[in-house]
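Novice: sharing a model prediction with you, sequence too.
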Amino acid sequence: MPEAIAFAAYGGPDVLKPTSIDIPEPDPTQVRVAVREAGVNPLDWKLRSGAMAAFMPLELPWIPGFEVAGTVEETGDGVSGLQVGDEVFGRAPHAYATHVIADAGALVHRPEDLDARRAAALPVAAEAAYRALEELNVGPGETVLVHGAAGVVGNLAVHFALERGARVIGTAGEAAHDRLTALGAEPVTYGEGWADRVRAVAPHGVDAVLDASGADVLGDSVALAGDGTRVLTLADPAAAQEHGALFSGGGPDADRTGPALELALALYRRGALDVPLHAPYPLAEAAEAHRRGEAGGLDGKLVLTVE
C-alpha cells in the first residue's frame with residue numbers, strides 16, 4: 001500500500017507518523033516516481049518544528065522532503081526525455097513517501113554506476129551550491145572562501161567553484177582536511193581564530209565568500225572580502241541583514257536543479273565527485289533521522305531508504 005511519513009502538527013521528531021496515501025497522477029509536465037531513496041535536509045526539521053511557519057506556512061498534515069531517487073512509473077502527456085522504467089533523481093516535493101509527483105525538468109537520468117543513495121543526496125545541495133556561486137558570480141582566478149566546506153552543500157560548492165577555475169579556501173574540522181586537499185581546496189580549521197588563519201593563506205583577502213555553515217562568520221567574512229556585496233549565506237538571514245551581506249533562501253526550481261545536477265554528473269563521470277553519506281535510515285525511522293540531524297556533527301548526508 002502506498003504510504004508516507006507526515007506530521008499533522010508542528011513539534012519535535014515524534015510528530016512524524018506513517019500515513020497511507022493515494023497513488024498520485026501526474027499533470028502533463030510531470031512524472032510519477034516510485035521512490036527508492038529520499039534525502040533529509042535541515043529545512044525538513046525546521047519546517048516540522050514550526051520554526052519556519054511565519055515564512056513558509058504549511059497546509060497540515062504535511063509530508064516532508066524535497067529530493068528523491070527512484071523509478072519513473074508514469075509520465076504526463078507533455079513529457080519528453082523521460083519514460084516509464086527510467087531510473088532518475090532530482091527534486092520532488094513530499095519526498096518522504098513511496099510515490100511522488102515531480103516536475104520532469106527537475107529530474108535527470110541516474111547512471112547505472114551511481115547508486116540511488118548517493119543520487120538522492122545530491123539534488124538540494126547541488127542546487128544550493130550552484131545557485132550561490134551563480135549569485136556570487138564566481139569566475140576563473142578568483143579566491144573563494146567556503147564556510148562549512150566539509151558539509152554536503154559546502155562540499156559541492158568546493159567542487160563547483162574549482163570547476164569554475166577559482167581558488168578555494170574551505171573552513172572545516174581537521175578530520176576533513178585531507179579530503180578537501182584531495183579535491184584541490186585549501187583547508188583552514190574553523191572555530192576561534194579562523195579569520196587569521198584565512199589571512200595567513202590569503203593575505204590580500206578573498207574575492208567572494210559562501211557561508212554554508214551558519215556559524216556566525218559573516219562579520220569577519222565581510223572584512224576579508226572588503227564589503228558585503230560578494231558575501232552570501234545560505235544559512236543565516238538575520239546575520240546577512242546585520243552585516244550587509246547577501247542571503248539566498250532558494251526553493252525548488254527546475255531551471256537551476258537541472259543544470260546543477262548535470263554539472264554534478266559531469267564531475268561524477270570524471271571520477272571527481274565526492275558524496276559523503278551518513279548511515280541510512282529506513283523511511284519508517286524518519287523521526288530518528290531528524291533527531292540525528294538536529295544533534296549535528298554529521299559525517300555525511302542523511303538519506304531515507306524506501307523498502
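Specialist: Noted; the coordinates are in hand.
Novice: contacting residues around Tyr281?
Specialist: By CB atoms under 8 Å, 6 or more residues apart in numbering, Tyr281 lies in contact with 40, 288-289, 292, 302-305. Using the backbone N, CA and C atoms, a C-beta is placed for each residue, glycine as well.
Novice: please redo it, this time with the cut-off set to 6 Å
Specialist: Taking CB atoms under 6 Å, 6 or more residues apart in numbering, we find Tyr281 in contact with 288-289, 304.
Novice: equivalent analysis for Ala238, please.
Specialist: Contacts for Ala238 (CB under 6 Å, 6+ apart) come out as none.
Novice: so in the chain, which strand runs the longest?
Specialist: strand 30-40 (DSSP state E).
Novice: who touches the following helix or strand past that strand?
Specialist: Sequence-wise, the next helix or strand downstream of strand 30-40 (DSSP states H and E) is helix 42-49. With contact meaning CB under 6 Å, 6+ apart, helix 42-49 is reached by 7, 52, 64, 290, 293-294.
Novice: filter these down to just the ones in strands.
Specialist: Going by DSSP E, the strands hold none of the contacts of helix 42-49.
Novice: drop anything exposed from these.
Specialist: The neighbour-count test (16 or more other CB atoms under 10 Å) marks 7, 52, 64, 290, 293 as buried among those.
Novice: phi and psi next, for the third one.
Specialist: Yep, that's Pro64 we're talking about. Note on Pro64: its backbone torsions stand at phi -80, psi 180 [degrees, to the nearest 10].
Novice: rewinding a little: the longest strand of the chain packs against which elements?
Specialist: strand 67-75, strand 99-103, helix 116-120, strand 302-305 (3 or more CB pairs under 6 Å, 6 or more residues apart in numbering; DSSP states H and E).
Novice: for the shortest one, packing partners?
Specialist: Spelled out, it's strand 302-305. strand 30-40, helix 286-295.
Novice: pick the most deeply packed of these.
Specialist: Among these, strand 30-40 has the highest mean neighbour count (mean count of other CB atoms under 10 Å), at a mean of 25.
Novice: next, the angle from that one to helix 286-295.
Specialist: Put simply, strand 30-40 runs at 50 degrees to helix 286-295, going by axes from the mean of the first three to the mean of the last three CA atoms, to 10 degrees.
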